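S.K.: Predicted model follows, preceded by the sequence.
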Amino acid sequence: MSEVKDLDFIATLFSALGHQSRLLIVKALADKEHCVCELKEIVGSEMPTVSKHLSVLKNAGIVDSRKQNNMVFYRLIYPCVMEFIKCIEENKK
């Protein structure tokens, strides 16, 4: 049963990565944590759209957040995701 739960978690993680904007967010967070306003500029979308993408990533367990004063900063929980992304980028045909 544990293996099924692990696979379910991984499937949820991959599903959350299944959008270009969320991949941009993950790539940005691989370098350092960012506030929502910085991620808005990186993604090039409006704040509500970026917040929705961050919510998907957070619910999937890929990112975490912390509040500092009135700003929310996000960080990547699984930096190893970048190894997979880089592998795909380097080996695409």
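M.R.: Now that the structure is in, tell me what you want to look at.

S.K.: Distance check, the residue nearest the centre of the chain against residue 68.
M.R.: Centroid check for the chain by CA atoms, centre = their mean gives residue 26 as the closest residue, at 3.9 Å. In this view, residue 26 and residue 68 are 21 Å apart by CB to CB, to the nearest Å. Any C-beta I mention is one placed from the backbone N, CA and C, and that applies to glycine too.

S.K.: and what of residue 86?
M.R.: Taken as CB to CB, the span from residue 86 to residue 68 is 30 Å.

S.K.: more crowded one of those two?
M.R.: Taking residue 86 and residue 68 together and counting by other CB atoms under 10 Å, residue 86 has the greater number of neighbours (12 against 8).

S.K.: how distant is the longest helix along the chain from the center of its chain?
M.R.: Secondary structure assigned by DSSP state H gives helix 2-16 as the longest helix of the chain. Centroid displacement of helix 2-16 relative to its chain, using CA atoms, centre = their mean, to the nearest Å, is 15 Å.

S.K.: cool, stretch 22-29 as well?
M.R.: 5 Å.

S.K.: Okay, and the residue lying closest to residue 19 once chain neighbours are set aside sits in which element?
M.R.: Spatial nearest neighbour of residue 19, chain neighbours left out: residue 53 (6.8 Å); criterion: CB to CB, 6 or more residues apart in numbering. Element membership of residue 53 [criterion: DSSP states H and E] is helix 47-59.

S.K.: And the pLDDT at residue 1?
M.R.: The model reports residue 1 with a pLDDT of 52.

S.K.: for residue 58, that is, sorry about that
M.R.: Per-residue pLDDT puts residue 58 at 96.
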